[in-house]
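[1] I would like to see how this sequence folds:
(4 chains)
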2 protein chains.
Amino acid sequence: MRPVTVYDIAREANVSVATVSRVLNNTAPVKKETRERIVALMHKYQFQPNALARSLTRKETGMIGFILPDITNPFFPEVLSGFDYEARRLGYTYFLCDTISTNEENERLYDRQYERESQYLSLLMEKQVDGIVMIGGRVDLAKPDPELARELEEVAKRVPVLLLNGSLPKTKLNRVSADQKFGAELAVQHLIELGHRDIAVIGGYSKMTNTQQRLAGFRSAMKDAGLPVRKEWILTEGFSVPKGQEYAAQLLSAKRRPTAIFCMNDLLAIGALKAAHRAGIRVPEELSIVGYDDIPQATYSIPELTTVSLMSQEIGRQAARTLDKMIAGKKVPLFQSLMPELIVRETTARVPGIAAD
Amino acid sequence: MRPVTVYDIAREANVSVATVSRVLNNTAPVKKETRERIVALMHKYQFQPNALARSLTRKETGMIGFILPDITNPFFPEVLSGFDYEARRLGYTYFLCDTISTNEENERLYDRQYERESQYLSLLMEKQVDGIVMIGGRVDLAKPDPELARELEEVAKRVPVLLLNGSLPKTKLNRVSADQKFGAELAVQHLIELGHRDIAVIGGYSKMTNTQQRLAGFRSAMKDAGLPVRKEWILTEGFSVPKGQEYAAQLLSAKRRPTAIFCMNDLLAIGALKAAHRAGIRVPEELSIVGYDDIPQATYSIPELTTVSLMSQEIGRQAARTLDKMIAGKKVPLFQSLMPELIVRETTARVPGIAAD
DNA sequence: TCTGAATGTGAAACGGGTTTCATTATGGCT
DNA sequence: AGCCATAATGAAACCCGTTTCACATTCAGA
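    Residues are numbered from 1 along each chain as shown, chains lettered A, B, ... in the order given. Sure thing, here's the model as predicted:
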């Protein structure tokens, strides 16, 4: 059976569709009894206006595209849940666009990710979304992908685009990010205050903006404290638990080993925790570990992770609010920065051999 | 600047819009040179067909609504990622509909969840989605919510609806689920084979179908082995890490305590692990723990969790495939069941005091 | 009583595609 | 040479709302 339309309602109410539309949207006064007759019919037939038709003329859909690299990475659900909260409140629905591929064996493949980003960008345009938010992937590259830059600028001419936790230097795209350098400084300063001098860093991808900024934070904190940075204690390229375990195992098996490890995310920190455990090294007594992101899992581990909170939910919320303003044509700052917080839990302690104050 | 339409292309190519549409969709033969002329113009202007307009006539949108209770619960991203994989392959995009509320303090509120489900249902209808998949929430209630049942049956008349890992007894709604009872039997039999006789169960919600089924599996496995079930060792109402910790702590502090705990999900198991650690009880030497779901975090803990894999990704994939068939009007089985697998890792061992074979 | 403003309503155009139907040109085959 | 199937294309209707414009009423104020 065909869904009921404004025409059906109009016919049965003996009015024109214009009038039906008017009561539907409250856009013009309608005589009380006429209105009631129409409303009654709408209820009777459970009339639901076709959003496609409506959007076609109104030129707004209330739909947003959210492009992210991998929903199974717990950082993104956090951001997304903040975004969801505000977006829903503001009357938007959103397409989730995951750019990772998995093969039949459920292994994650990052190789075609960039291609996917482009595909989604044009798909979303066709779907006439009101706005697009992008996080991760090529947005995170320090050396901006010229292809993506060109593409995004093209897209941004037609529909508001917001970049989260990343940037595309040389382009004028709006973005909201956590201050990565500051976050890293927070973490490293904390370790230094605990007496650590031998601090290693693991994880991240050297090509990513975020990683570079955090590394910069690390370096600046070390420099401020007059501490040397040892190249062989900076192990990048990776963001997963296994990688964390691998790098930490490597560090811990060397003759000289660090007393603290700063991890580029919590997953790595969890891996480091496992490596320490396997090596029989106690955390935090013999080794301090600090993570980054403050995903929920940071409190699941034993001991619980000391970490830097990016306030992921807050980023998501801010994204929704900002995008809404952009859609409404209001002015928004080109760049919004959120200050991370250090969350001290159980994986950090005074450096071994130094008495507490 | 106004986006370019088929009319613009048609005018400049000196053809009618019908012809443009034909090359766009390859629905009828078009003379080679005409086609080339049109294609060239499409490239020149970067023509992107308006999906709204297209969907309006075609009466299909390629959009699906995915309703779930809480994206930050790691089980759902797993399912979703499987769903994403297949849905994308089949040419669908989907709206993510999270029904949980969070207040400004980021606390999760479950109270208005049911209301949200209903709101999303009608929103999705208005958006003209081709299909809807629902997981968790009221779908999971053993005593079906008559309101939801009525509503869903109404919706299902218009658009295919698929229920994941749940059911709505008395309704004829398609569903795909993991066999919860079987999964629980797997877990409990494993413990029994290791010599455990004193087995406790924690977590779940007594009103939920899944919980009841798993409990049934637990009971049947115990009965088959001729073991008694102690009421005070079944602690339900909860699915989180803190709850797991709380319940396990309670069990472990009693005079007589179980030698094994079967947890209704991995989050609870992680909590139990923490409780054991705090109580100074070694896992698995003194206490065996088995989880449920096999979320990625199950391998992050120390020791790694023995758990039951629901093959969450597989459920998501199957959902996408099935929904696609339903949309295409093909016949699909009313109920599809996936068999869970036991994943033995490090949290289970022979019961203390009994030598290995 | 007259007038300008506000109320109430319908006809028709519009948004941007798809699809049906009709028409003409073309090619293969007897 | 004649005929039918197929290719190639356009005009117009359609999908389902919104919006503009025009027109008729009603009402308050002078």
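[2] Helices of the stretch 251-357 of chain A, residue ranges please.
    Along the stretch 251-357 of chain A, the stretches classed as helices by DSSP state H, counting those that start in this stretch are A:266-278, A:312-327.
[3] Report how many residues lie close to the nearest residue to A:Lys143 once chain neighbours are set aside.
    Once flanking residues are discounted, A:Lys143 sits nearest to A:Lys207: 6.7 Å by Cβ to Cβ, 6 or more residues apart in numbering or on different chains. In short, each C-beta sits where N, CA and C put it, glycine included. A:Lys207: 13 surrounding residues under other Cβ atoms under 10 Å in any protein chain shown.
[4] now A:Arg11
    A:Arg11, neighbours per other Cβ under 10 Å, totals 14.
[5] Looking at it now. What's its pLDDT?
    For A:Arg11, the pLDDT comes out at 95.
[6] Surely it is within a strand?
    No: A:Arg11: not assigned to a strand; according to DSSP: H, G, I helix; E, B strand; the rest coil it is helix.
[7] give the contact list for the nearest residue to A:Gly316 once chain neighbours are set aside.
    Residue nearest to A:Gly316 in three dimensions, not counting chain neighbours: A:Gly82, with 2.9 Å by Cβ to Cβ, 6+ apart. Counting by Cβ atoms under 8 Å, 6 or more residues apart in numbering or on different chains, A:Gly82 touches A:Ser312, A:Gln313, A:Glu314, A:Ile315, A:Gly316, A:Arg317, A:Gln318, A:Ala319, A:Ala320, B:Thr102, B:Asn106.
[8] quick check: angle from the helix or strand that contains A:Gly82 to helix B:75-89?
    Assigned by DSSP states H and E, A:Gly82 belongs to helix A:75-89. For helix A:75-89 against helix B:75-89, the angle by axes from the mean of the first three to the mean of the last three Cα atoms, to 10 degrees is 80 degrees.
[9] Centre of the chain to the helix or strand just after helix A:75-89, how far?
    Next helix or strand after helix A:75-89 toward the C-terminus (DSSP H and E): strand A:93-98. With Cα atoms, centre = their mean, to the nearest Å as the basis, strand A:93-98 stands 13 Å off its chain's centre.
[10] hmm, strand A:93-98 in reach of chain B?
    Yes: shown here: strand A:93-98 in contact with chain B (Cβ under 8 Å from any Cβ of the partner chain) through A:Thr93, A:Tyr94, A:Phe95, A:Leu96, A:Cys97, A:Asp98.
[11] touching chain B at all, the helix or strand harbouring A:Ala200?
    Following DSSP H and E, one finds A:Ala200 within strand A:199-202. No: judged by Cβ under 8 Å from any Cβ, strand A:199-202 stays clear of chain B, getting no closer than 15.9 Å.
[12] Mind giving me the packing neighbours of the following helix or strand past that strand?
    Counting by DSSP H and E, the element after strand A:199-202 in chain order, helix or strand, is helix A:209-224. When contacts are defined as 3 or more Cβ pairs under 8 Å, 6 or more residues apart in numbering or on different chains; DSSP states H and E, helix A:209-224 sits against helix A:180-193, strand A:199-202.
[13] tell me which parts of the stretch 251-357 of chain A are close to chain B?
    Within the stretch 251-357 of chain A, the residues that sit near chain B (Cβ under 8 Å from any Cβ) are A:Leu267, A:Ile270, A:Leu273, A:Lys274, A:His277, A:Pro296, A:Gln297, A:Thr299, A:Tyr300, A:Ser301, A:Ile302, A:Gln313.
[14] Any quick PyMOL command for the buried ones out of those residues?
    Applying 16 or more other Cβ atoms under 10 Å in any protein chain shown to these leaves a buried subset, and the PyMOL line that selects it is:
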select buried, chain A and resi 267+270+273+274+296+297+299+300+301+302+313
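[15] Where do the strands of the stretch 251-357 of chain A begin and end?
    A:260-263, A:288-290, A:307-309, A:335-338, A:341-343 (DSSP state E, counting those that start in this stretch).
[16] Give me the neighbour count for A:Arg321.
    Look at A:Arg321: counted by other Cβ under 10 Å, it has 18 neighbours.
[17] do you know how far it is from DNA strand C?
    Note on A:Arg321: its distance to DNA strand C, by Cβ to the nearest atom of the strand, to the nearest Å, is 28 Å.
[18] Report pLDDT for that residue.
    On pLDDT, A:Arg321 comes in at 98.
[19] How about A:Lys223?
    97.
[20] For it, list the residues it contacts.
    A:Val229.
[21] just to revisit the earlier point, can the contacts of A:Gly82 go into JSON lines with extra columns for distance to A:Asp179?
    JSON lines is the format used below for the contacts of A:Gly82 (distance: Cβ to Cβ, whole Å):
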{"residue": "A:Ser312", "distance to A:Asp179": "14"}
{"residue": "A:Gln313", "distance to A:Asp179": "17"}
{"residue": "A:Glu314", "distance to A:Asp179": "13"}
{"residue": "A:Ile315", "distance to A:Asp179": "11"}
{"residue": "A:Gly316", "distance to A:Asp179": "17"}
{"residue": "A:Arg317", "distance to A:Asp179": "17"}
{"residue": "A:Gln318", "distance to A:Asp179": "13"}
{"residue": "A:Ala319", "distance to A:Asp179": "16"}
{"residue": "A:Ala320", "distance to A:Asp179": "20"}
{"residue": "B:Thr102", "distance to A:Asp179": "24"}
{"residue": "B:Asn106", "distance to A:Asp179": "20"}
